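Engineer: Requesting a structural model of the entry that follows:
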Amino acid sequence: MRHWPHVVPAVIALVAVAAVSADRVLYVDPAARFSVRYPRSWQVREDLFEGWVAFYRDHPREGASFLVFPRTSLPGDLDADRAVRSALVAVAGLDRYQNFRFRHRVTSRGLGIFSVRGEASWKSLGGRNMRAVFVAVVVRPAVHGGDTQLSYLLLAQAPEEEWSRQEPLFLEMLRDFKWLGG
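Structural biologist: Numbers count the residues shown, from 1 in each chain. Have a look, this model is predicted:
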């Protein structure tokens, strides 16, 4: 081994990459125009009526989950603040939970397009304190009187006591999410 000291670290790195890839499944939704990698041990639930997709370990609303809410119209010409509230309430339905709170910031804006990041918390129907991070892209109407478009809303959530274990996975999924345009 002393003749090839550079081989061992390279082999270890390749095995680590293969393990990470083998542990993830690529999900592609051509209709909603997005892709994301999720843990192989998780489940996928597609709500065809409401249009969202949940990637989850135990339960899509009570446990650790990564939810994708694709393109949706929000009534009226909304600024970023009102669009985010509308998305979290009307699209994700978080206002039905006790102690629902959120805060956000606009991370970029230009030509009527806003990127928004934020955090939310609430008490689940099962009584668990939930925590979430979210990312959204909001497009204001090009003409007066049009509707605001939510290009997508990503919501990564977990019970508060699991958050520190789930956060690295959520960050990886957020980085891996690809919006395929449209």
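Engineer: okay, now residue 156: neighbour count?
Structural biologist: Neighbours of residue 156 under the rule other Cβ atoms under 10 Å: 22. C-beta: built from backbone N, CA, C; applies to glycine.
Engineer: For it, give the beta-bridge partners.
Structural biologist: Using DSSP bridges, the bridge partners assigned to residue 156 are residue 66, residue 133.
Engineer: Any regions of this protein where pLDDT drops low?
Structural biologist: 1-21, 182 (pLDDT under 70).
Engineer: quick one: the strands in it?
Structural biologist: Under the criterion DSSP state E, strands of the chain are mapped to 24-29, 34-39, 43-47, 52-56, 65-74, 98-110, 113-123, 129-139, 148-159, 178-179.
Engineer: do you know which of the ones you listed lies nearest residue 83?
Structural biologist: Checking these against residue 83 by Cβ to Cβ gives strand 129-139 as the closest, at 4.3 Å.
Engineer: what angle sits between the closest one and strand 148-159?
Structural biologist: Here strand 129-139 runs at an angle of 160 degrees relative to strand 148-159 (axes from the mean of the first three to the mean of the last three Cα atoms, to 10 degrees).
Engineer: Name the residues of strand 129-139 that come out as buried.
Structural biologist: By 16 or more other Cβ atoms under 10 Å, the buried positions in strand 129-139 come out as 130, 131, 132, 133, 134, 135, 136, 137, 138, 139.
Engineer: just checking, what packs against that strand?
Structural biologist: Where contact means 3 or more Cβ pairs under 8 Å, 6 or more residues apart in numbering; DSSP states H and E, strand 129-139 is packed against helix 80-86, strand 113-123, strand 148-159, helix 163-176.
Engineer: The same query, at a cut-off of 6 Å, please.
Structural biologist: The helices and strands touching strand 129-139, judged by 3 or more Cβ pairs under 6 Å, 6 or more residues apart in numbering; DSSP states H and E, are strand 113-123, strand 148-159.
Engineer: Right, I'll leave it there.
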